[in-house]
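> structure, please.
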Amino acid sequence: MKHLLIAAAVAAGLSLGAGAARAQSGVLNKAVGGYSFDEAAKESPATKNFHSHKGKLTFAIVTHTAGNGFFDPTYVGAKVAANMIGANLVMLGSEAAVDDIPREIAILNQIINDPTIDGVIMTTPQSGAYDDIVKKLEAKGIPIATTNSFDPNLYDRSSISHTGQDASAAAIGGEALAKCLLDKGVKGGTIIFPNTTTLGNEEVNRRITAGFQATVKTLNAAGRLKDFKVDAGPQNIGIDVDKDAIVNSVVTLIESRRDVVGAMAANGFVTPALGDAITQLHKQGQICAFGFDLGPKQQEQIKSGALTGSLGQQPFLQGFWPVMQLYLQIDRGISAANLDTRAQLVTKANVANVGKRFEN
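So this is what the prediction gives:
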C-alpha cells in the first residue's frame, strides 16, 4: 500500500508538472495590433540613409576633457553601442586634462558644418554655452544627446535626452565623509571642499553643494556639527584652487588650515590632486578624503589610503546609452529618454572590483 501511495503521489506530481509546462508553452506570434513581432523588430529601411545618405549612420561624441582618462570608458561604451547598430563613431574632445570648454565648443562648431554627421553626443558643463550649437544642429535636422554634465537650461532641453549622474548623488560622498570622521572618533577640526570654481563647471559646483549639505546634515544629526568647521567657500560651491598648479594649491590649502581632518573634491581633476596632496603631506589614512570618478589614479590612491573613497558615475553608460538614444530617435522616433547613471561609492573594501571590462 505504501508503495502504491508513493507511486500515486509521483504520478500526481508529474501530472501537475505537465500541466504547468503546457500553461507556459504559449507563444506570442503577433501583437494585439495584428502585426508580427519579427517584422516590427526590423530596422526602418530609411534609417541607414538618414541625413548624410551614406548607407551607414555616423555619430560624433565630444567631451570637454579627454586628457585625464575619465572619459576613456565613455568612448569605449559609445564604441560598443556603435558596433552593435553598425554605425560609425567619431570620437572627439578637448585634449586637455582639465575642463576646456572653449575647445569643446570650437570642435562642436566644426561638426555643425560636417555633412557626414547624423547625430551628436556632447557634454554641457557650462550653462548657456551650447544653445547656439543646439539651434544650428536642430535646424539641420541632426539629433542631439547630452551626456555626463547636465545643463537644465539648455535650449530645447525637454526634447533632448540626457545620460549622466545627477549632481545630488554627491550627497553619498558627503555623508560618507561625515561618517568616516564619526567612526574614527575625530574630536573636531576643519573639513574642506576644494574646487576649480573659476572654470565655471556648474555640474561640479552643484556636486560640491550637495556634498557639503550632506556632511553638515550628518554631523548635525549626530550632534557633532559644533565640533567642526565645514568650509565649501562663500557660495558653498567650493574653495577655489589653482588649476595650473593644482596639487601645490591643495597642499597650501591644507597647510593653511592647520587642522584639516576631512576633504572632498568633486571631479576627476581635483580628486587625484587631493590624493597627491595628502600623499605629499604624509597624511594617508589621517584625513577622511573623498572624491569623484574612479580612474586608475583614484584607484591607486584608495588602495594607498590617500583617498578614503571616491564616487563612480559609470561613465561606460554615459557613452553607450547616448549612442543608442540617437539610434532610437532616428529609427523609432523615441526622444528625451533620460538615464541616471547613479553613484557608486568605492573604498578600499571594494576597489578591487572596479575597472573590469573598461568600466569605472
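> show me where the stretch 51-200 of the chain has its helices.
Under the criterion DSSP state H, counting those that start in this stretch, the stretch 51-200 of the chain contains helices at 72-85, 101-112, 131-139, 171-183.
> just the stretch 201-350 of the chain next, same as before
For the stretch 201-350 of the chain, the helices defined by DSSP H, counting those that start in this stretch occupy 202-221, 246-257, 270-280, 296-304, 315-332.
> now mean pLDDT and distance to residue 37 too, for the ones you listed, in a markdown table please.
Any C-beta I mention is one placed from the backbone N, CA and C, and that applies to glycine too. What follows is the helices of the stretch 201-350 of the chain, written out as a markdown table (pLDDT from 0 to 100; distance: least, Cβ to Cβ, whole Å):
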| stretch | mean pLDDT | distance to residue 37 |
| --- | --- | --- |
| helix 202-221 | 96 | 40 |
| helix 246-257 | 98 | 54 |
| helix 270-280 | 97 | 47 |
| helix 296-304 | 95 | 44 |
| helix 315-332 | 96 | 15 |
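> for burial, what's the neighbour tally of the nearest residue to residue 279 once chain neighbours are set aside?
If the residues on either side of it in the chain are set aside, residue 279 comes closest to residue 306, at 4.7 Å by Cβ to Cβ, 6 or more residues apart in numbering. By the measure other Cβ atoms under 10 Å, the count of residues near residue 306 is 24.
> phi, psi of residue 306?
Torsion angles at residue 306 (phi, psi; degrees, to the nearest 10) stand at phi -60, psi -40.
> now it: how far from residue 349?
Using Cβ to Cβ, to the nearest Å, we find residue 306 at a distance of 16 Å from residue 349.
> and what of residue 296?
Distance of residue 296 to residue 349, given as Cβ to Cβ: 19 Å.
> between these two, which one's more packed in?
Taking other Cβ under 10 Å, residue 296 and residue 349 do not tie; residue 296 has more neighbours (13 against 10).
> which residues are in contact with the more buried one?
With contact set as Cβ atoms under 8 Å, 6 or more residues apart in numbering, residue 296 has these partners: 69, 355.
> again with residue 44
residue 331.
> next: residue 270.
Going by Cβ under 8 Å, 6+ apart, residue 270 touches 194, 195, 196, 241, 246, 250, 291.
> looking at the residues you listed, which are in strands?
Per DSSP state E, strands hold the following members of these: 194, 195, 291.
> the second one contacts residue 231, correct?
No: taking Cβ atoms under 8 Å as the contact criterion, residue 195 and residue 231 are not neighbours in contact, 11.4 Å apart.
> who has more neighbours, the two?
Legend: neighbour count by other Cβ under 10 Å for residue 195 and residue 231, higher for residue 195 (25 against 19).
> chain neighbours aside, what residue packs nearest to the more buried one?
Excluding the flanking residues, the one nearest residue 195 by Cβ to Cβ, 6+ apart is residue 238, at 2.4 Å.
> for stretch 258-274, measure first residue to last.
End-to-end span of stretch 258-274 (Cα to Cα, to the nearest Å): 16 Å.
> what's the domain layout of this structure?
Following automatic domain parsing, the chain resolves into domains at 47-165+315-342, 168-312.
> and the shortest one, how far apart are its ends?
Its first and final residues considered, domain 168-312 spans 13 Å by Cα to Cα.
> so what's the residue positioned nearest the centre of the chain up against?
A centroid search over the chain (Cα atoms, centre = their mean) returns residue 313, at 3.4 Å, as the residue closest to the centre. Residue 313 makes contact with 148, 164, 165, 169, 292, 293, 341, 342, 343, 344, according to Cβ under 8 Å, 6+ apart.
> what residues are up against the fourth one?
This means residue 169. For residue 169, the contact set (Cβ under 8 Å, 6+ apart) comprises 207, 210, 311, 313, 342, 343.
> again, only using 6 Å
Applying Cβ atoms under 6 Å, 6 or more residues apart in numbering, one finds that residue 169 lies in contact with residue 343.
> do the same with the last one
With contacts defined as Cβ under 6 Å, 6+ apart, the neighbours of residue 344 are residue 312.
> separation between it and residue 217?
21 Å.
> please apply the same query to the fourth one.
Distance of residue 169 to residue 217, given as Cβ to Cβ: 15 Å.
> ditto for the third one
For residue 165, the distance to residue 217 (Cβ to Cβ) stands at 20 Å.
> so between the two, which is more surrounded?
Taking other Cβ under 10 Å, residue 165 and residue 217 do not tie; residue 165 has more neighbours (26 against 15).
> residues contacting that one?
By Cβ under 6 Å, 6+ apart, residue 165 lies in contact with 313, 341, 343.
> for it, give me the backbone phi and psi.
Note on residue 165: its backbone torsions stand at phi -90, psi 130 [degrees, to the nearest 10].
> and the pLDDT at it?
We have a pLDDT of 90 for residue 165.
> any idea how far it is from residue 267?
Where residue 267 is concerned, residue 165 sits at a distance of 11 Å (Cβ to Cβ).
> among the helices and strands of this structure, which has the poorest mean pLDDT?
Within the chain, no helix or strand scores below helix 2-23, which has a mean of 49 by mean pLDDT, DSSP states H and E.
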